[in-house]
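Peer 1: Quick check, what structure comes out for this input:
(chains A, B and C)
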Amino acid sequence: MGKKYWLIKSEPNAYSIDDLVKDKRTHWDGVRNYQARNFMRDEMKTGDKILFYHSNANPPAVVGVCEVVKEAYPDFTAFDSKDKHYDPKSKKENPTWMMIDIQIIEKLNRPVTLEEIKQNPKLKNMRLVKRGNRLSVMPIEKTEFNEILKMSNR
DNA sequence: GCCAACGTTGGC
DNA sequence: GCCAACGTTGGC
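Peer 2: As a prediction, this is how the structure comes out:
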């Protein structure tokens, strides 16, 4: 039951690390990609560590660390016709989409930019730097997690 | 704002 | 089941 490590993306316009610092804890709703859903539903466990990444940002960067505090349960925003992430195909009896709860651990002293990550040979296998990757929830290695934390303290 | 990469949809 | 059309993501 080894702890797993993850990276999740968020557009800071929609929900930033500062929002998470303010809220302390939030539900990670709105994921509408099956692969990302499967990671949340099947593999993300309480206590797993997560890098929080700002996408569509200037610059795009890892900006914080958080952890899973509640394992997968139905994403209720899919049931709400007024919600941006409404999905009429997801039924309450058999929900298509799931979410988890996360809690802040820390905002990084210094963001670790995508550019720096690309330049670090130790991080060349991360999905984040692979061509065309658009997954908003992805697994990472413990060594990669630790390396990025190290970079933020440089 | 552009556009490549990718996922989803729907006609056939 | 194929695949063109379309929508979205996300770096630049």
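Peer 1: Tally up the residues packed near the nearest residue to residue A:110 once chain neighbours are set aside, please.
Peer 2: Leaving out its chain neighbours, the residue that sits closest to residue A:110 by CB to CB, 6 or more residues apart in numbering is residue A:152, at 5.1 Å. Just so you know, the C-beta spots here come from the backbone N, C-alpha and C atoms, and that holds for glycine as well. Neighbours of residue A:152 under the rule other CB atoms under 10 Å: 21.
Peer 1: again with residue A:50
Peer 2: 24.
Peer 1: who's in contact with the nearest residue to it once chain neighbours are set aside?
Peer 2: Of all residues not flanking residue A:50 in the chain, residue A:6 sits nearest, at 4.5 Å (CB to CB, 6+ apart). Contact analysis of residue A:6 by CB atoms under 8 Å, 6 or more residues apart in numbering lists A:39, A:44, A:48, A:49, A:50, A:51, A:137, A:138, A:139, A:140.
Peer 1: residue boundaries of the helices in chain A?
Peer 2: Taking DSSP state H to define them, one finds helices in chain A at A:17-23, A:34-38, A:114-119, A:142-152.
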